[in-house]
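A.B. asks: here is a sequence together with a model predicted from it:
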Amino acid sequence: MSKVAELKRDFKKTGCRFDHEGTNHEIWYSPITDNYFPMSRHNNEEVGKRLEAALRRQAGVPKKR
């Protein structure tokens with residue numbers, strides 16, 4: 001499992017960026033998918049495998065091996 005901070009770092013490397021604060025989450029933008037997606041504000045929080053896969057799909061960032 002990854003932490004939220006690790007995912008944010010991976011996403012930033014591919015051009016994804018923080019867009020604005022939502023009610024309960026940060027809203028991020030991916031230029032790869034031209035999609036906005038929610039991201040947790042809690043950087044030290046563990047992200048489950050299914051949630052990580054969903055976030056990576058929305059961001060267009062494949063899991064590194």
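C.D. replies: Thanks, I have the structure now.

A.B. asks: and the worst-scoring helix or strand of the chain on mean pLDDT, what does it pack onto?
C.D. replies: Within the chain, confidence by mean pLDDT, DSSP states H and E is lowest for strand 2-3 among all helices and strands, at a mean of 91. Here strand 2-3 touches strand 46-47, going by 3 or more C-beta pairs under 8 Å, 6 or more residues apart in numbering; DSSP states H and E. Any C-beta I mention is one placed from the backbone N, CA and C, and that applies to glycine too.

A.B. asks: each with direction, which strands does the strand it packs on pair with?
C.D. replies: Its sheet considered, strand 46-47 pairs with strand 2-3 (antiparallel) by DSSP bridges.

A.B. asks: who's in contact with residue 37?
C.D. replies: 27-28, 30, 55, 58-59 (C-beta atoms under 8 Å, 6 or more residues apart in numbering).

A.B. asks: just the buried residues of those residues.
C.D. replies: 28, 30, 55, 58-59 (16 or more other C-beta atoms under 10 Å).

A.B. asks: distance of the residue lying closest to residue 1 once chain neighbours are set aside relative to residue 11?
C.D. replies: Spatial nearest neighbour of residue 1, excluding adjacent residues (C-beta to C-beta, 6 or more residues apart in numbering): residue 46 at 4.9 Å. Using C-beta to C-beta, to the nearest Å, one obtains 17 Å as the distance from residue 46 to residue 11.
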